[in-house]
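> Sequence first, predicted model second:
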Amino acid sequence: MERRGALMLKRLVITVVVGAISPCAVAAERTAVLIVSATSVVTSLDAHDARLLFLGHPVRVAGHVLVPLRNLSDARLEQVFLQNLVAMTSTGYDRYVLRLALQQGRPRPREFGDSGALLAALTVSPLAVTYTWDSEIRGNPDVRIVRVLWRE
Amino acid sequence: MQRRRALRCADRAETVEPSKSNSQAKLEEPPATVKYHQLERLIIVMWTLAAATGAAAGDASSAVDAARAAATTTTATPASTLRHDYFLLGSGSLRATDGLSDLSQQESTSLLALDILADLSYREIRLLGEYVITSDETELERLQLGWEPNENLLLWLGRYHQPSSYWNQRYHHGQYLQTAVTKPRIEEWEDTRGLLPQHMVGMLLESTWQLEQRGAVDVTLGLGIAPALGLDGLDPYSLLHHHDAPSTGAYNFRIDYRPMGGSNGELENSVGLLLSHNEIELTAARRQLSPANFSHIDQNILGAYVDWRFGSWRTLGTIYYVEAKFDVTDGYEPDHFAAAYLEIERPLGARVTTFSRLETFSRTNESRYLSFFPERLDQRLMAGVRWDYARKQALKLELASVKSPNDKFWEMRLEWSVAVR
């Protein structure tokens, strides 16, 4: 009886420990990536150009102006975008892209609240660039990672 | 990979209507002006509808995302890219003052404003329009057709904001975009009794020279038709209805240096020189109702500005020296004055920003040119706070002490501003 109780206690401890560790393990694998369509002309994008692109400045590859798509589907990803890609506060970023549009008539980055719609828009445009969690696109042959933005 | 054209102030042009406050001038206003106003409204409404319709139709994504992205639609292939965007900047403000002079009473105690901006771009071609509706007026502010052969060159034709005002190039009519409620008096638009020409019709050239590892130099040159001097101040040329004075030249130039370095410094810090030459004629109404001993004014403006961040502090200042030569029968009668302002901003956290600005004029009473503007001021000191309480919405409170040639008063302003889309 005592042995059975000890066994149950052991199982409980293991369950609790595994349960506690699992989210950390998942979180540790979380990576934000910059992606393009598999048919895109873009093969790589340095941090400077990626920042300019999402700030609304024209960035060209092979003579074509790239099109930024903003991913608003995940609040944590939005934080990563602001801190690691454009290096601005949310208010500062909004005012910046609005000002540029007001000054030079440059279209602002298009915004998506749904990741499925975002990926659909990305895959049909060889000039589009966006960002997402790598887990969202793992095994997806229609997109290509051009840069790792952040790793948790 | 090629890259970067940095930010520069493009331009914007404000619309000006024929003299409004003088009753006699109103009587002389041609009836066709009404049609022009209707045409203006029609253009902007059609443009806005086209942008919205195209956005909804061109988006293959969900309805939710179509709504989110309605303002910015892209049809992109490597061969061609058609993009369009539009957004609205709205504001509502209240003002209280204890002053009694023209300067203190020139504005309404409340003001509602809506700034509508729409743009289209296809390959190297751009089209940019801006329309402003306020509780006092409606105007087509800018309409520009642009050609951008590469990232470092952009040529515009149409109505634009003259480039030698850094403040106006940076904020245009966007109340939400500027930190404070008010703009410096010297930067006011003509239809709010501005002192200097701001809106031109003609050509605007924007170019950038990249300096390896050291930043960039921007050069902006405007060649256009100058405003005329009417009974209510400066009267700019418009695409659809224009003043009746002879068309004379305006040449405006700005050169900026933007150093590279810092997280935002490369994009946000700049210093520059400002040069303008404006040939200002008199409108028929002014010639008829207020005869003067001069035929026109040759105005030369030399200025410099700095917009710099030191840690979390931002300083934005400009100084102008304005020379006005009145063409009298036996030569030129010289005149001059100077104006300067310095604004300091300091964020307190992510959503709150404090700011303060001092602006001052020289020869306010002696300058003949300034005498045409009863709302001139000697000095204004203001301070305020901005609260970005929600995404793309802000509340601002501003207190100011103002000294004019014949009055000294306080004023308080409260403003709500928003960017939609």
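Noted; the coordinates are in hand. Numbering: from 1, shown residues only, chains lettered A, B, ... in the order given.

> Just want the phi and psi numbers for residue B:284.
Per-residue torsions, residue B:284: phi -60, psi -40 (degrees, to the nearest 10).

> who's in contact with residue A:99?
Applying C-beta atoms under 8 Å, 6 or more residues apart in numbering or on different chains to residue A:99 gives the contacts B:7, B:170, B:171, B:174, B:177. (C-beta placed from N, C-alpha, C; glycine too.)

> Of those residues, which pair is most distant in space?
Among these, the pair separated by the greatest distance (C-beta to C-beta) is B:7 and B:174, at 14.4 Å.

> The two: who's more crowded?
Neighbour count, other C-beta atoms under 10 Å in any protein chain shown: between residue B:7 and residue B:174, residue B:7 has more, with 26 against 23.

> okay, stretch B:339-347 in CSV with CA atoms only?
Output in CSV follows, covering the C-alpha atoms of stretch B:339-347 (Å, rounded to 0.1, in the frame of the first residue of the first chain):
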residue,chain,number,x,y,z
ALA,B,339,11.7,85.5,-36.2
ALA,B,340,12.9,82.5,-34.2
TYR,B,341,11.4,79.7,-32.1
LEU,B,342,12.7,76.8,-30.1
GLU,B,343,10.6,73.9,-29.0
ILE,B,344,11.7,71.3,-26.5
GLU,B,345,10.0,68.0,-26.1
ARG,B,346,10.5,65.3,-23.4
PRO,B,347,8.6,62.0,-23.3
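
> Other residues contacting that stretch?
If you take C-beta under 8 Å, 6+ apart as the criterion, stretch B:339-347 is touched by B:179-180, B:184-186, B:195, B:312-320, B:322, B:353-362.

> Check stretch B:274-281 too.
B:162, B:164-166, B:196-197, B:226-229, B:234, B:245-246, B:248-254, B:295-305, B:318, B:320.

> if you set the cut-off to 7 Å instead, what comes out?
B:162, B:164, B:166, B:197, B:226-229, B:245-246, B:248-254, B:296-305 (C-beta atoms under 7 Å, 6 or more residues apart in numbering or on different chains).

> just the helices in the chain please.
Answering for chain A, as no chain was given. Assigned by DSSP state H, the helices in chain A fall at A:2-28, A:47-55, A:75-80, A:90-104, A:115-123, A:134-137.

> ah, I was thinking of chain B
With DSSP H as the criterion, chain B has helices spanning B:23-28, B:32-58, B:63-68, B:102-105, B:166-171, B:265-268, B:284-289.

> What average pLDDT does the fourth one get?
The average pLDDT for helix B:102-105 rounds to 67.

> surely residue B:113 meets residue B:91?
Yes: with contact defined as C-beta atoms under 7 Å, residue B:113 reaches residue B:91; the gap is 4.9 Å.

> lowest-confidence helix or strand of the chain?
Went with chain A since none was named. helix A:2-28 (a mean of 60; mean pLDDT, DSSP states H and E).

> that older thread, of residue B:113 and residue B:91, which one has the most company?
Between residue B:113 and residue B:91, counting by other C-beta under 10 Å, residue B:91 is the more crowded of the two (22 against 19).

> and the more buried one, how far is that from residue B:414?
Distance of residue B:91 to residue B:414, given as C-beta to C-beta, to the nearest Å: 11 Å.

> what's the longest strand in chain A?
Assignment by DSSP state E gives strand A:143-151 as the longest strand of chain A.

> list the helices and strands that strand packs on?
Applying 3 or more C-beta pairs under 7 Å, 6 or more residues apart in numbering or on different chains; DSSP states H and E, we find strand A:143-151 packed against strand A:31-37, helix A:115-123.

> at 10 Å what do you get?
Secondary-structure packing of strand A:143-151 (3 or more C-beta pairs under 10 Å, 6 or more residues apart in numbering or on different chains; DSSP states H and E): strand A:31-37, helix A:47-55, helix A:75-80, helix A:115-123, strand A:128-133, helix A:134-137.

> buried residues in the shortest one?
Counting neighbours by 16 or more other C-beta atoms under 10 Å in any protein chain shown, one finds that the buried residues in helix A:134-137 are A:134, A:136, A:137.

> before we move on, what about the third one?
Buried positions in helix A:75-80, judged by neighbour count with 16+ other C-beta under 10 Å: A:77, A:80.

> burial of residue A:62, as a residue count?
Using other C-beta under 10 Å, residue A:62 has 11 other residues around it.

> Identify the residues contacting the nearest residue to it once chain neighbours are set aside.
Of all residues not flanking residue A:62 in the chain, residue A:41 sits nearest, at 5.0 Å (C-beta to C-beta, 6 or more residues apart in numbering or on different chains). Residue A:41 sits next to A:61, A:62, A:63, A:64, A:66, A:126, A:127, B:78 when contact means C-beta atoms under 10 Å, 6 or more residues apart in numbering or on different chains.

> Please repeat the previous calculation with a cut-off of 7 Å.
A:61, A:62, A:64, A:126, B:78.

> where are the low-confidence patches of chain A?
Residue ranges of chain A with pLDDT under 70: A:1-5, A:7, A:12-28.

> So what sits opposite residue B:131 in the bridge?
Taking DSSP bridges as the rule, residue B:131 bridges to residue B:116, residue B:140.

> Not counting its neighbours along the chain, what's nearest the spatially most central residue of chain A?
The residue lying closest to the centre of chain A (C-alpha atoms, centre = their mean) is residue A:132, at 2.4 Å. In space, and not counting its chain neighbours, residue A:132 is closest to residue A:71: 5.7 Å by C-beta to C-beta, 6+ apart.

> Tell me the bridge partners for that neighbour.
Bridge pairing for residue A:71 (DSSP bridges) gives the partners residue A:112.

> Closest one of the buried residues of helix A:134-137 to chain B?
Chain B has its nearest neighbour among the buried residues of helix A:134-137 in residue A:136, at 15.5 Å by C-beta to the nearest C-beta.

> residue contacts, the closest residue in space to that closest one that isn't next to it in sequence?
Using C-beta to C-beta, 6+ apart and skipping residues adjacent in sequence, the residue nearest residue A:136 is residue A:115, 5.7 Å away. If you count contacts by C-beta under 7 Å, 6+ apart, residue A:115 has them with A:71, A:73, A:132, A:136.

> Please indicate which of the contacts of stretch B:339-347 are buried?
B:179-180, B:184-186, B:195, B:314, B:316-320, B:322, B:353, B:355-361.

> still on that earlier bit, let's have the contacts of residue A:41 in a markdown table, adding distance to residue B:291.
Shown next, in a markdown table, are the contacts of residue A:41 (distance: C-beta to C-beta, whole Å):
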| residue | distance to residue B:291 |
| --- | --- |
| A:61 | 63 |
| A:62 | 64 |
| A:64 | 61 |
| A:126 | 67 |
| B:78 | 64 |
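
> Closest one to residue B:206 out of the residues you listed, please.
Distance to residue B:206 across these (C-beta to C-beta) is lowest for residue A:64, with 21.5 Å.

> Kindly state the beta-bridge partners for that closest one.
residue A:61.
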